[in-house]
Each structure stands twice: as structure tokens, then as C-alpha cells.
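J.: No sequence on hand, only this structure:
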């Protein structure tokens with residue numbers, strides 16, 4: 001977990017503690033006014049903390065629902081269950097207290113909501129001429145196309161509803177970094193590094209897919225499985241045209257006689273200096 005993700009955890013953990021303190025305190029050792037102040041302070045901290053900035057040229061998937069709504073579900077579940085548990089432990093006695101500890105189970109349902117919102121805030125991808133960079137929960141990984149062993153295109157279909165949230169959660173393994181849209185149908189680009197790490201991204205998120213394919217072809221990477229032969233030829237032709245425009249005319253591109261004359265002129269110029 002990177003620094004940005006840790007700050008996002010703090011953005012949710014501190015307000016949650018204040019919400020629980022305000023709720024429990026209002027029913028036990030504090031006045032309702034002080035409890036309300038705790039809730040207002042929690043909302044202020046959540047809204048005032050700066051959001052992580054998206055680097056220039058980076059893209060990230062649109063969440064299935066607004067991030068603040070996802071957080072709201074997490075706060076309501078966690079604050080309600082944990083507050084009831086603490087109030088019950090405070091007021092009950094003996095064996096009755098054990099029953100309130102079971103509220104930990106529904107309270108844990110808030111964790112996936114917070115994980116989802118944190119991941120959506122701190123995960124992105126961007127592509128360069130010679131490689132790409134992925135960030136998942138704030139941890140950045142930059143890869144050159146030369147280090148890519150295999151590339152392939154896959155069509156993905158997912159059901160709506162719960163499947164969209166599971167997709168947005170991505171993978172828990174560091175060997176599989178995933179950035180997918182929540183749409184039912186999408187095409188994904190899978191890039192496999194030589195160490196086996198997989199980077200998967202929906203092609204709808206890539207601003208210029210042809211530019212990425214040209215960069216891969218220039219680095220000697222086999223174009224992705226799933227491209228037709230016609231598409232492969234078009235990519236290679238476009239790459240050759242781009243390379244021919246960027247090449248500067250130099251000694252090696254001159255005819256043989258002009259090369260000899262250029263070398264002779266350079267030698268004579270060096271002799272005059274001596």
C-alpha cells in the first residue's frame with residue numbers, strides 16, 4: 001500500500017472513530033450536543049482532506065457509483081453495528097455481553113466498501129512511447145515494452161450488479177494488476193512481463209490504442225493475440241512511416257560517393273586544425 005492509499009485509509013478511519021464516539025457517548029457519558037459535534041467533525045475531516053492527484057496523462061476507470069456513495073454505505077454499516085455493540089457492552093452485564101460481540105460480523109461487511117473506494121481513488125494507468133505505468137492502491141510499477149513477454153486481447157463479459165463491484169475490486173495479488181471498467185462487455189489488453197506479472201486494462205480506458213501498439217511493435221514485442229492480420233499490417237506500416245519521419249538524414253543515409261566526400265572533407269578539416 002502506497003502513501004496515497006494510507007492517507008485514504010486515514011480519511012475513513014478517523015471519521016469512523018469520531019462517529020462511533022459521538023454515537024456511543026451521546027447514549028452514555030456525553031451530552032447529545034457533544035455527540036453531534038463529533039459527527040460534524042467527522043464529516044468535516046472527510047471532506048477537507050485533499051484528494052490524491054491523478055498524474056498527467058493517467059486514466060482510471062469510472063466507478064460503478066460515486067465514491068462518496070460507496071463510502072457512505074461503509075460508514076453506515078460500520079458506525080451502526082460498532083456503536084450498537086459498544087452501547088450493548090456498556091449497558092449489559094454477564095453473559096448478555098457476549099451476544100453483542102456478534103455485531104462484529106455485520107460490521108465487517110463495511111470493509112469491501114472501503115477497500116473499493118480506496119482502490120478507485122489510488123489506482124490508475126498511463127502509457128508512454130516506450131512503456132507504461134500502473135498504480136494500484138498507490139503502489140506504482142513502470143514497465144518498458146522491451147520487458148513485455150506476451151500481449152493479448154480478450155473480450156470480457158460480466159453481469160451487472162454485484163459482479164460490477166467484484167470487478168472493480170480487482171485482484172489481491174501483486175502479480176496481477178487489473179484496471180477494468182464496470183461495463184457488461186469490454187475488450188481488455190493483457191500485458192505479461194517476463195517475471196509473470198500480468199497487467200490488465202480495458203481498452204476503452206486507453207486514449208490512443210494504436211499508439212500503444214506502435215510502441216510495442218517498435219520495441220520488438222509480438223503484437224497482441226486477437227488482432228487480425230490486416231490490423232497488424234496497418235500498425236507496422238504506420239510505425240514505419242512514423243520512424244521514417246523522425247529519422248534525421250546523416251552520414252549512413254547518404255549515397256556511397258557522398259559518404260566518401262563527406263569523410264574526406266572531415267579529414268581535411270581536421271588536418272587544417274593540426
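T.: Done, it's in. As the structure is a computational prediction, the values presented were derived from the model and not from experiment.
J.: Just the pLDDT at residue 183, thanks.
T.: With respect to pLDDT, residue 183 has a value of 75.
J.: show me the contacts for it.
T.: 202, 204 (Cβ atoms under 8 Å, 6 or more residues apart in numbering). To be clear about C-beta, it is placed using only N, CA and C from the backbone, and glycine gets the same treatment.
J.: name the element it belongs to?
T.: Applying DSSP states H and E as the criterion places residue 183 outside every helix and strand.
J.: quick one: the strands in the stretch 51-200 of the chain?
T.: Secondary structure of the stretch 51-200 of the chain, counting by DSSP state E, counting those that start in this stretch: strands at 124-127, 131-136, 139-144, 148-157, 176-179, 185-193, 198-202.
J.: Measure how the second one sits relative to strand 185-193, angle-wise.
T.: When you say that, I think you mean strand 131-136. 110 degrees (axes from the mean of the first three to the mean of the last three Cα atoms, to 10 degrees).
J.: Indicate each strand paired with strand 131-136 and its parallel or antiparallel sense.
T.: Using DSSP bridges, strand 131-136 pairs in its sheet with strand 124-127 (antiparallel), strand 139-144 (antiparallel).
J.: sorry, back to before: dump the strands of the stretch 51-200 of the chain to a markdown table, plus mean neighbour count and distance to residue 208.
T.: Below are the strands of the stretch 51-200 of the chain laid out as a markdown table (neighbours: other Cβ atoms under 10 Å; distance: least, Cβ to Cβ, whole Å):
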| stretch | mean neighbour count | distance to residue 208 |
| --- | --- | --- |
| strand 124-127 | 21 | 8 |
| strand 131-136 | 21 | 12 |
| strand 139-144 | 14 | 18 |
| strand 148-157 | 15 | 16 |
| strand 176-179 | 20 | 16 |
| strand 185-193 | 18 | 13 |
| strand 198-202 | 21 | 13 |
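J.: Reformat the ones you listed as TSV; add distance to residue 33.
T.: TSV is the format used below for the strands of the stretch 51-200 of the chain (distance: least, Cβ to Cβ, whole Å):
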stretch	distance to residue 33
strand 124-127	43
strand 131-136	43
strand 139-144	43
strand 148-157	52
strand 176-179	46
strand 185-193	51
strand 198-202	49
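J.: closest one to residue 83 among those strands?
T.: strand 131-136 (32.6 Å; Cβ to Cβ).
J.: Can you tell me how far residue 226 is from residue 232?
T.: 11 Å (Cβ to Cβ, to the nearest Å).
J.: picking up where we left off before, tell me which of the strands paired with strand 131-136 approaches residue 203 most closely.
T.: strand 124-127 (11.5 Å).
J.: for the closest one, what is the average pLDDT?
T.: 93.
J.: Please apply the same query to stretch 220-237.
T.: What stretch 220-237 shows for mean pLDDT is 86.
J.: if we look at it, which residues are touching it?
T.: Here stretch 220-237 has contacts from 145-146, 148, 150-154, 189-190, 210, 213-214, 216-217, using Cβ under 8 Å, 6+ apart.
J.: closest to residue 66 among those?
T.: Among these, and counting by Cβ to Cβ, the member closest to residue 66 is residue 189, at 26.8 Å.
J.: With distance to residue 55 added, can I get the strands paired with strand 131-136 in a markdown table?
T.: Putting the strands paired with strand 131-136 into a markdown table (distance: least, Cβ to Cβ, whole Å) gives the following:
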| stretch | distance to residue 55 |
| --- | --- |
| strand 124-127 | 6 |
| strand 139-144 | 9 |
